[in-house]
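Engineer: what follows is a protein structure lacking sequence information:
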Ligand code: SF4
Ligand code: SF4
């Protein structure tokens, strides 16, 4: 998988940086038709979010706006846009690549640090509540098995997974 370190990235344009990331490879095929925006359920609910705009800003090199803004974190990864893009731009994957760049720059929302802490400690990003256990029982589903946390942490270490730092001001 193509992946450049931060020093190498400093010598690239932002769109090059994104296309060299896993998931970001198809960025430059976009011709701004807007099919993604009209397919996106989040854009329908929140005018701040527009996948076509995220792609455009990435192509224009508006790195700070992308990395410090909220937009890339609002995508639900439903892949509607990606299924319909006439240029086969992997929009949701591009957004993952942008999130990874933002995360490395220390710009991820604090909730991701909470998810990471819970994953490392309990093997799940959200604790299983009594409510969920009861509902599973009602639907005839088996109880969720305990996670082998030690094995999981071995995998996390091997993949270089690290917990993002929390920012001072809560989001
Ligand atoms: S649907 Fe594809 S080509 Fe059209 S604006 Fe979105 S990413 Fe670009
Ligand atoms: S994957 Fe993200 S950007 Fe694409 S349609 Fe779904 S919510 Fe919108």
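Structural biologist: Received, thanks. Source: prediction; values computed, not measured. Numbering: from 1, shown residues only. Ligands and ions are numbered 1, 2, ... in the order given.
Engineer: how about residues contacting stretch 72-80?
Structural biologist: Contacts with stretch 72-80, where a contact means Cβ atoms under 8 Å, 6 or more residues apart in numbering, come from 39-42, 46, 48-49, 51, 54, 66, 92, 95-96, 98-99, 102, 108-109. All C-beta spots, glycine's among them, are computed from the backbone N, C-alpha and C.
Engineer: which bits of the chain sit near ligand 1?
Structural biologist: With Cβ under 6 Å from any ligand atom as the criterion, the chain comes near ligand 1 at residues 30-36, 52, 55, 85-87, 89, 91.
Engineer: could you dump the residues you listed to a markdown table with secondary structure and pLDDT?
Structural biologist: Formatted as a markdown table, those follow (DSSP: H, G, I helix; E, B strand; the rest coil; pLDDT from 0 to 100):
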| residue | secondary structure | pLDDT |
| --- | --- | --- |
| 30 | coil | 98 |
| 31 | coil | 97 |
| 32 | coil | 97 |
| 33 | coil | 98 |
| 34 | coil | 97 |
| 35 | helix | 98 |
| 36 | helix | 98 |
| 52 | helix | 98 |
| 55 | helix | 97 |
| 85 | coil | 98 |
| 86 | coil | 98 |
| 87 | coil | 98 |
| 89 | coil | 98 |
| 91 | helix | 98 |
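Engineer: and which of those is nearest ligand 2?
Structural biologist: Using Cβ to the nearest ligand atom, residue 91 comes nearest to ligand 2 of the residues of the chain next to ligand 1, at 5.3 Å.
Engineer: got a list of what the closest one touches?
Structural biologist: Contact analysis of residue 91 by Cβ under 8 Å, 6+ apart lists 36, 51, 54, 55, 81, 82, 85.
Engineer: can I get these in JSON lines with neighbour count?
Structural biologist: JSON lines is the format used below for the contacts of residue 91 (neighbours: other Cβ atoms under 10 Å):
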{"residue": "36", "neighbour count": "27"}
{"residue": "51", "neighbour count": "30"}
{"residue": "54", "neighbour count": "24"}
{"residue": "55", "neighbour count": "27"}
{"residue": "81", "neighbour count": "26"}
{"residue": "82", "neighbour count": "20"}
{"residue": "85", "neighbour count": "22"}
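Engineer: just the closest of the residues you listed to residue 71, please.
Structural biologist: residue 54 (5.7 Å; Cβ to Cβ).
Engineer: low-confidence ranges, this structure, go.
Structural biologist: 1-11, 169-171 (pLDDT under 70).
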